[in-house]
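S.K.: sequence below, structure please.
(chains A and B)
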Amino acid sequence: MSKELEQVSILGGQKLYWGEFLIKSLLAGCALISIITTVVIITILAKESFSFFDHVPFTDFILGTSWIPLFEPSSYGVLPLLWGTLTITFGAALIAIPIGLATAIFLSEYASPKMRSIVKPLLELLAGIPTVVYGYFALTFVTPVLKTIFPEIQVFNALSGSIVVGIMVLPMIATLSDNALRAVPDSLRQSAYALGATSYEVSTKIVVPAGLSGVIASFLLAISRAIGETMAVTLAAGATPNMSLTFLESIQTMTAYIVQVSMGDTPAGGIAYQTLFAVAALLFVITLILNIISQWVLKRYQETYDA
Amino acid sequence: MNTATETNSSEAANKHLVRLEARHRKARLFSLFCATVTWMGATLLFVLLYQVCVQGYQWLDLQFLTSFPSRFPYKAGIKSALVGTLWLISMVAFISIPIGVATALYLEEFAKKGLISRVIELNIANLAGVPSIVYGIIGLAIFVRGMGLERSLLSGALTMSLLILPVIIIASREAIKTVPMSTRHAAFALGATRWQTAWAHVLPASFSGILTGVILALSRAIGETAPLIMIGGLTYVAFLPEGPMDAFTVLPIQIFNWVSRPQQEFHELAAGAIIVLLGVLLLMNATAIYIRYKAEKK
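M.R.: Below you'll find the predicted structure:
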């Protein structure tokens, strides 16, 4: 009798074991999808880029200063596109970094809990607005306003692109930096105040340096996001690859080029189709490096305090 | 001699007071600066919404919602874009939620904390940082061309699912992490297996957190434009999709199309479509906030 019961229980246990194993494998398979995605991204970008570099030497691509991929005589120097991307990113960083950091300091050092509970959701809403809406905003609001200041500005220009991308990444810097600053233990602030420091001194000499790893990481992530930004810059900054120094002319970023080509019906396998992958590979590498550095900064330079 | 020291020290005290005054003035100015800048940023949201509403509200009517796009602004509407967005987002939810939650469950409840789970973790963090347009290119190469799915809803949904998977995974893991260990220990002590524990105890306990993360991820997918342009979400679609293999357009692409035309009327139409898009997003976000609020009250 008891032996029978044991038998049943063991059999049940075996069934349970196999069921458990099956489910675990199924879940692990789902987790594998993320690895496969990465492998696929890298393989495809590499494969198509290499066949592009069969036609165009790598040095011509990376050092060339003329980007005329769709017309004869064609030329495949990516520097103008890179320049366009860097222009937008530089302008956006110039706007978003000071404002974002000041917002973070305000939120963590000055704002009352009630004020925080108003400002934080507003920032989250700003972060949740689709990028194509920022493109619309650039074209119908920012550029007309800029035109009253700089009458010679073009309809498509780098400046309005920079401004809206700056607005777009601002919430990211503000929220992430705020988190970093709030993680700084209060005892540090209290010690400084007890020594007679003012709130300005506490903020700039104690709190920001103590939370610097998180703050820098937020800058890097925002820059990486600005580099990958597509719709707003396509709509605002236009499609003229050039290496202009002024912010008032139309330029073209790497992302805007990819959109421009894919809007037309590019036949697969042609060289225009392959340029997409070469440009995307460059974009992927740049953003990946920035993301890795920001993770590294976060880990390596994190100040740890005893609570 | 004595008086000289006194004047000296009172001079020093004076100097100190003046410096102290200056330091405090600096601090006041700084706090004012930070507050002003913060409110400037927040005001931008209202400027943006104001601009959209002023330009778009007069186009918002039933005809706008129930007409196909047209080259005549007064006849144009967002019927196909709205229906396309609903199709796409349902398919994305259907594909990405099970895979994302399963991955999170595996990493939190099953995987040994070792090299493999660290690699997967790092990999997901990096995938979350890949620009959306790169996903578009991959979608174009794999789903549209490689698998021959053409420029269909299915291609779009698969591409979009890849894009938001990292977001769903990260959010679900955070939610699962908040379930106290004692819950698991109690289940294990009663002889439950890992899966029984995960399914009957961990998932229900973290349900509201996961749901919030999923809704936010899906609302990101609703607003994304670039990847769908890459895989060819058509810009002129005068029919409704009837199945996953049909061509489609979505709201952001319709907006992009209208904004990139030079005529003022089309910009106003775009503003109208933006109001609808933001309305949908607001509804989803409000739902997420409500769920969170309900869960916190419990």
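S.K.: do you know how far residue B:155 is from residue B:85?
M.R.: When CB to CB, to the nearest Å is the yardstick, residue B:155 and residue B:85 sit 16 Å from each other. The C-beta positions use only the backbone N, C-alpha and C, and glycine is treated the same way.
S.K.: tell me which of these two has more neighbours.
M.R.: Counting neighbours by other CB atoms under 10 Å in any protein chain shown for residue B:155 and for residue B:85 shows that residue B:155 has the greater number, 27 against 24.
S.K.: check contacts around the more buried one.
M.R.: Listed by CB atoms under 8 Å, 6 or more residues apart in numbering or on different chains, the contact set of residue B:155 reads B:139, B:143, B:144, B:149, B:231.
S.K.: the residue in the stretch 151-298 of chain B that chain A sits nearest to - how many residues pack around it?
M.R.: Using CB to the nearest CB, the point where the stretch 151-298 of chain B gets nearest to chain A is residue B:223, with a distance of 2.9 Å. The local packing of residue B:223 (other CB under 10 Å) involves 22 other residues.
S.K.: against residue B:276, how distant is the residue lying closest to it once chain neighbours are set aside?
M.R.: Take residue B:223 and drop its neighbours on the chain: the residue closest to it by CB to CB, 6 or more residues apart in numbering or on different chains is residue A:130, 2.9 Å away. In this structure, residue A:130 lies at 12 Å from residue B:276, with CB to CB as the measure.
S.K.: compare these two (neighbour count), which wins?
M.R.: For residue A:130 and residue B:276, the more surrounded residue by other CB under 10 Å is residue A:130, and the numbers stand at 23 against 20.
S.K.: close enough to count as contact, the more buried one and residue B:226?
M.R.: No. In terms of CB atoms under 8 Å, residue A:130 does not count as a neighbour of residue B:226; the distance is 10.4 Å.
S.K.: overlap in contacts of the two?
M.R.: residue A:231.
S.K.: show me the contacts for the nearest residue to residue B:109 once chain neighbours are set aside.
M.R.: Nearest-residue entry for residue B:109: residue B:198, 4.6 Å, with adjacent residues in sequence omitted and distances by CB to CB, 6+ apart. Applying CB under 8 Å, 6+ apart to residue B:198 gives the contacts B:105, B:109, B:110.
S.K.: could these be laid out in CSV, adding secondary structure and neighbour count?
M.R.: Compiled in CSV, the contacts of residue B:198 are given as follows (DSSP: H, G, I helix; E, B strand; the rest coil; neighbours: other CB atoms under 10 Å in any protein chain shown):
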residue, secondary structure, neighbour count
B:105, helix, 28
B:109, helix, 19
B:110, helix, 18
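S.K.: spell out for me which residue occupies the centre of the chain.
M.R.: The chain I'm using is chain A. residue A:225 (1.5 Å; CA atoms, centre = their mean).
S.K.: other chain: chain B
M.R.: Nearest to the centroid of the C-alpha atoms of chain B, with distances taken as CA atoms, centre = their mean, sits residue B:220, at 3.3 Å.
S.K.: buried ones in the helix or strand hosting that one, by neighbour count?
M.R.: Assigned by DSSP states H and E, residue B:220 belongs to helix B:203-223. Judged by neighbour count using 16 or more other CB atoms under 10 Å in any protein chain shown, the buried positions of helix B:203-223 are B:203, B:205-206, B:208-223.
S.K.: give me the distance between residue A:283 and residue A:45.
M.R.: 9 Å.
S.K.: ditto for residue B:19
M.R.: For residue B:19, the distance to residue A:45 under the criterion CB to CB works out to 59 Å.
S.K.: of those two, which one has the most company?
M.R.: Of the pair residue B:19 and residue A:45, residue A:45 is the one with more neighbours under other CB under 10 Å, namely 23 against 10.
S.K.: might one say that residue B:27 is in contact with residue A:199?
M.R.: Yes. With contacts defined as CB under 8 Å, residue B:27 counts as touching residue A:199 at a distance of 4.7 Å.
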